[in-house]
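**Student:** structural data only, the sequence is not supplied:
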């Protein structure tokens, strides 16, 4: 599967989900799932607005990104 890589990190105010390679596309939530779901909505909104997104990457790349960025979780999102 290919998609847009999300790296989640834990902060005092909850979890932050950053979409790798998409400037300004991030979200915060009280749980990992909430943060990832909000990041997915933000990514979809950018795509609907016609923003050029980087090419999707293989989901296996998520593991390297999470490790490299010292995240606690990751996801691979597909934009419909």
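**Tutor:** Perfect, I can see it now. What you are looking at is a predicted structure, and each value in this text was computed from that prediction instead of being measured.

**Student:** switch to C-alpha atoms for all contacts and neighbour counts from now on
**Tutor:** Noted.

**Student:** on contacts alone, who are the packing partners of the longest helix anywhere in the chain?
**Tutor:** In the chain, with assignment by DSSP state H, the single longest helix is helix 32-48. For helix 32-48, the packing partners by 3 or more C-alpha pairs under 8 Å, 6 or more residues apart in numbering; DSSP states H and E come out as strand 2-11, strand 14-19, strand 26-29, strand 73-77.

**Student:** what lines up beside the first one in the sheet?
**Tutor:** Spelled out, that is strand 2-11. strand 14-19 (antiparallel), strand 57-58 (antiparallel), strand 73-77 (antiparallel) (DSSP bridges).

**Student:** what's the closest non-adjacent residue to residue 71?
**Tutor:** Closest residue to residue 71 apart from its sequence neighbours, by C-alpha to C-alpha, 6 or more residues apart in numbering: residue 9 at 4.6 Å.

**Student:** show me what contacts the one you found?
**Tutor:** Residues in contact with residue 9 (C-alpha atoms under 8 Å, 6 or more residues apart in numbering) are 15-17, 70-73.

**Student:** including neighbour count, could those residues go into a markdown table?
**Tutor:** Shown next, in a markdown table, are the contacts of residue 9 (neighbours: other C-alpha atoms under 10 Å):
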| residue | neighbour count |
| --- | --- |
| 15 | 22 |
| 16 | 25 |
| 17 | 29 |
| 70 | 13 |
| 71 | 18 |
| 72 | 14 |
| 73 | 20 |
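
**Student:** out of those residues, the closest to residue 63 would be?
**Tutor:** Proximity of the contacts of residue 9 to residue 63 (C-alpha to C-alpha) peaks at residue 73, which lies at 8.8 Å.

**Student:** looks like the closest one contacts residue 8 (just checking).
**Tutor:** Yes - proximity of residue 73 to residue 8 meets the contact threshold set by C-alpha atoms under 8 Å, at 5.0 Å.

**Student:** and for these two, which residues touch both?
**Tutor:** Taking C-alpha under 8 Å, 6+ apart as the contact definition, residue 73 and residue 8 share the neighbouring residues 32, 66.
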